[in-house]
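Participant: Everything below, folded, please.
(one chain, ligands or ions: 2)
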Amino acid sequence: MKETRVIEIKQSILAENTSQADDFRAERIAEGTYFVDVMASPGAGKTTILLALIKQLREDAAAAGEPEPKLAVIEADLESDVDALKIKEAGVQSVELNTKGVCHVEMNMVRKAYAAFGGEHYDYMFLENIGNLVCPAEFDTGAHLRVMLLSVPEGWDKVMKYPPMFAVADALIVTKCDYLPLNPDFDMEALKTQARVLHPDMPIFVTSARTGEGMPELAAWFREKRAEVI
Ligand SMILES: Nc1nc2c(ncn2[C@@H]2O[C@H](COP(=O)(O)OP(=O)(O)OP(=O)(O)O)[C@@H](O)[C@H]2O)c(=O)[nH]1
Ligand SMILES: [Mg+2]
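Facilitator: Numbers count the residues shown, from 1 in each chain. Ligands and ions are numbered 1, 2, ... in the order given. Next comes the predicted model:
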């Protein structure tokens, strides 16, 4: 009988991706671009919270007498350019990254999307990752910060069911909290307890892009995290 050879492809692909991600992080720090990966399930409110955050960052800068922050967004989707157009309408540079069915974003994709900005430097560059609660966890996107959204209509128990995504996140952002009165089953305390099993110090923001609740605190936290490295 012939010998069987087992080749560990997955590990080497992930290791190569992580090494490219480390290079990308360092390059962006050197040019002053803080890169944030926004992850969540489809429809959790990624694009809407990015729009609310853009507004908040601009308002805060104006209130502090600072120049308007330079912002850019990479919009990753399986297909279409709907979200990139929404971001463009807000006057922010955006690139649509169509993965053509691939359920996560890898470094070669991030590089191509970033190159499409033509060498511009930004105060903040955001990635709206593919709407998916499983696959993006495994692929480092070169971001300095990864945040995980969970919307109130999805239910509070997702941390237990999809732990890898929450485990790689630096913060949990509960979205659509204006739906809380309509969803009495949503147990915020149980959600926080579960999140802190994975990350004892996990920052948790309770937000509504619709009402603006939690947006000033979230924007302030992004500024703080950026200031730690840039
Ligand atoms: N009530 C309420 N609705 C929201 C809020 N944020 C988003 N929505 C709505 O939720 C739906 C999905 O929001 P999106 O921002 O498109 O969600 P997404 O995660 O970007 O979706 P995909 O890119 O398709 O994965 C839209 O109808 C939004 O108007 C919120 O804070 N409150
Ligand atoms: Mg979207």
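Participant: residue closest to the middle of the chain?
Facilitator: Using C-alpha atoms, centre = their mean, the residue of the chain that lies closest to the mean C-alpha position is Val38, 1.0 Å off.
Participant: count of neighbours near the closest residue to Arg210 other than its chain neighbours?
Facilitator: In space, and not counting its chain neighbours, Arg210 is closest to Asp178: 5.0 Å by C-beta to C-beta, 6 or more residues apart in numbering. The way it works is simple: take the backbone N, C-alpha and C, and place the C-beta from them, glycine included. A count of nearby residues for Asp178, using other C-beta atoms under 10 Å, gives 15.
Participant: same question, Ser41
Facilitator: Neighbours around Ser41, by other C-beta under 10 Å: 19.
Participant: quick one on the thing from earlier: the helix or strand containing the residue nearest to the centre of the chain: what's the following helix or strand?
Facilitator: Assessed by DSSP states H and E, Val38 sits inside strand 34-39. Helices and strands here follow DSSP H and E; after strand 34-39, the next one along the chain is helix 46-63.
Participant: Flag every buried residue along stretch 168-178.
Facilitator: Val168, Ala169, Asp170, Ala171, Leu172, Ile173, Val174, Thr175, Lys176, Cys177 (16 or more other C-beta atoms under 10 Å).
Participant: Keep only those residues that also lie close to ligand 1.
Facilitator: Among these, the residues lying close to ligand 1 (C-beta under 6 Å from any ligand atom) are Thr175, Lys176.
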